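In: this one's sequence-less:
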DNA sequence: ATCGGCCCACCC
DNA sequence: AAACGGGTGGGCCGAT
């Protein structure tokens, strides 16, 4: 190691000359890392050091030296500004960070990106994040939540066969804004620039041989966009939201009242616990002592100077009284115990009873038990959406349950709890968009999850643009259908999409030609121009075909289709057969993708993104079955060892899962890859940049707020919104067009003052 | 008290 | 005995 602590202009010069040498070398790349203080609110975290370096040299910039005081170090960072005192540092390093001339390598670089952009107004791109690449490499095999696998130290051990010191965690948390750096800290900070370089070389070899370089590039290029989105946040109109929540709360109490009218006769009123609990206890305890009369016999029985005969008499009298007292005591004890048991039960359970009836409506178990006591509903098994809607027309109580559920969900998941996430510094929501939250390459989102906000416009309208700004919402039109068509090359689908025909109607007509012809009414839009029409029967047939078109990409079975369309399994199977017969090419492709996944234990999307599957083995299946047999008390195999038949069945079902998941990965993964590509800092084949180059916050042209799988939401200044909208649209089209070439790619969108869709 | 499994509901 | 892909969140409930 050769760490150099940079504290002045001369140090910066030395660093710049080193970075220049790196930039002009054969493999221009260096390790990048930062240290910050620890804060609850990430927008309050401040940079203490910036490190760059590789094997031969490492530079640790101590920003305290440039800020001069801890107060400045704290106060002169943040809000994407470059304060005067940091200009020498920023000017020195910017040409290397804010360019694609040198690759920046580090572990968890989204954090570095965020800290550098928020605290210094310094934008870093052209990255290689060892964490992101590692996730790409192991997708499907290693759970993202697994401990002991994704840390820098674990990668170093895997790739470099080096164990990092146990001290590193302590050291990482040791940085603050005021204490002079110790030699130990400087050394630790510089190691973190060097080790990722080594990991990078290993990862590059693996990615090359496993053909994962393209996915790695897409993910690495997406990091700055994801970092921006985190810092930009999403503005929630607090007042509008609260108004909506109040409304839903009122409706909910009304729904609870209606529930009571149905359930009170069944389960009765909830009774308050006995108020005389203390009294009961005292009564019970008091009976432990002998009463006056009993005591006197007792004393007499023990006195001297009495004949044995007399003593026996007193004893008998005492015993009789004692027996009587103990019986009373036992009764009082039971009464007290029951009352206190009820009281504790009620303390816990009663709170959960929302209405007057003695039942917790939010408990599916209690609800289903109560429903079973109602005439006609004896055989109801669960209370989920599907079951309720099937029986709704016959049983008004089920409508009440549905209403209760919908407002209950609204209040609990989309209520005041969301407001707690508003950041005091910006007044906005800064959710965590986890770049690789799903094994297929899709993102996940937390705190709060902005990907599950109800589509109901009343909710979406609460997400607004700042004053003097507008909001754009863009999404791919029929993304999955186009990917399926491209990947399979189905001529019918290709023709339909190329002519902008309604694919679900086209398939419907192919599947049930004679029914379709018979159902044609006057002025049918399908007959006129292959568009979605209003003929009632056409609509019905189309909806069936649509269910299958989407469902098959998920590995739909007859049973599933029957449930979804509420038809018999035979009819569902017949429909599926019809579908396969009418879509031979796509049908064959779907099976092929599944078979390929089963045979190779991996699946690829159109960008080469890989999902791995653990190979089902006899031993593994046996383990699972054995564990299940131990677990499920109601199973008829409870407690028994795993039978051969069970294990075989498990093997079969696991293989079927791989087929479904592998098949779906191709579609879902391509969707994710294209969306990330479109928002990232990469360039297309002709050198045209993707959206980050337009939306980088220092340009103040567009601010990415949310990304929901195939939909992008951003804000722009009023005068920029039209341009930004067009640029984003173009980026999205170019991105998906890289993978979808046989059919056109289209993007829908809106510009408004709030989130639309 | 706390945790994990399960059900249910919301999204694409 | 049991499968329609990928997620998060909230509540209940039994086990620890």
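Out: That came through, no problem. Bear in mind that the values here come from a model prediction, so they are computed numbers and not experimental data. Numbering: from 1, shown residues only, chains lettered A, B, ... in the order given.
In: Which single residue in the stretch 1-150 of chain A comes nearest to DNA strand C?
Out: residue A:144 (7.6 Å; C-beta to the nearest atom of the strand). (Each C-beta comes from the backbone N, C-alpha and C, glycine too.)
In: Dihedrals phi and psi, the most centrally placed residue in chain A?
Out: Nearest to the geometric centre of chain A sits residue A:444, at 3.9 Å (C-alpha atoms, centre = their mean). With angles defined as degrees, to the nearest 10, residue A:444 sits at phi -130, psi 170.
In: sorry, back to before: tell me the secondary structure at the residue of the stretch 1-150 of chain A closest to DNA strand C.
Out: Secondary structure, DSSP: H, G, I helix; E, B strand; the rest coil: residue A:144 is coil.
In: How about residue A:27?
Out: Secondary structure, three-state DSSP: residue A:27 is coil.
In: residue contacts, it?
Out: With contacts defined as C-beta atoms under 8 Å, 6 or more residues apart in numbering, residue A:27 is in contact with no residue.
In: And it, what's its pLDDT?
Out: pLDDT, residue A:27: 92.
In: One more: residue A:180?
Out: pLDDT at residue A:180 comes out at 87.
In: Same check on the one 3 residues further on?
Out: Looking at residue A:183, its pLDDT reads 87.
In: how much space between it and residue A:1?
Out: Distance, residue A:183 to residue A:1, using C-beta to C-beta, to the nearest Å: 11 Å.
In: beta partners for the residue nearest to the centre of chain A?
Out: Beta-bridge partners recorded for residue A:444 (DSSP bridges): residue A:434.
In: surely it meets residue A:437?
Out: Yes: Residue A:444 lies in contact with residue A:437 (C-beta atoms under 8 Å); the separation is 2.3 Å.
In: Now do the buried residues in stretch A:232-252.
Out: A:232-236, A:240-241, A:244-245, A:248, A:251-252 (16 or more other C-beta atoms under 10 Å).
In: For residue A:712, which non-adjacent residue is spatially closest?
Out: Among residues not flanking residue A:712 along the chain, residue A:474 sits closest, at 5.2 Å (C-beta to C-beta, 6 or more residues apart in numbering).
In: can you check residue A:727 too?
Out: Using C-beta to C-beta, 6+ apart and skipping residues adjacent in sequence, the residue nearest residue A:727 is residue A:694, 4.9 Å away.
In: quick check, residue A:531 in a helix?
Out: No: Residue A:531: not assigned to a helix; according to three-state DSSP it is coil.
In: residue contacts, it?
Out: A:501-502, A:505, A:525.
In: Tell me the confidence at residue A:569?
Out: Taking residue A:569 on its own, its pLDDT is 88.
In: these two touch, right, it and residue A:557?
Out: No: shown here, residue A:569 and residue A:557 do not form a contact pair, counting by C-beta under 8 Å, at 9.3 Å.
In: Could you look up the SS state of residue A:61?
Out: Residue A:61 - assigned by three-state DSSP - is strand.
In: can you pull the contacts of it?
Out: A:6, A:11-12, A:15, A:49-51, A:89, A:93.
In: what's the answer for residue A:611, then?
Out: Contacts of residue A:611 by C-beta under 8 Å, 6+ apart are A:139-140, A:439-440, A:602-604, A:661-662, A:665, A:669.
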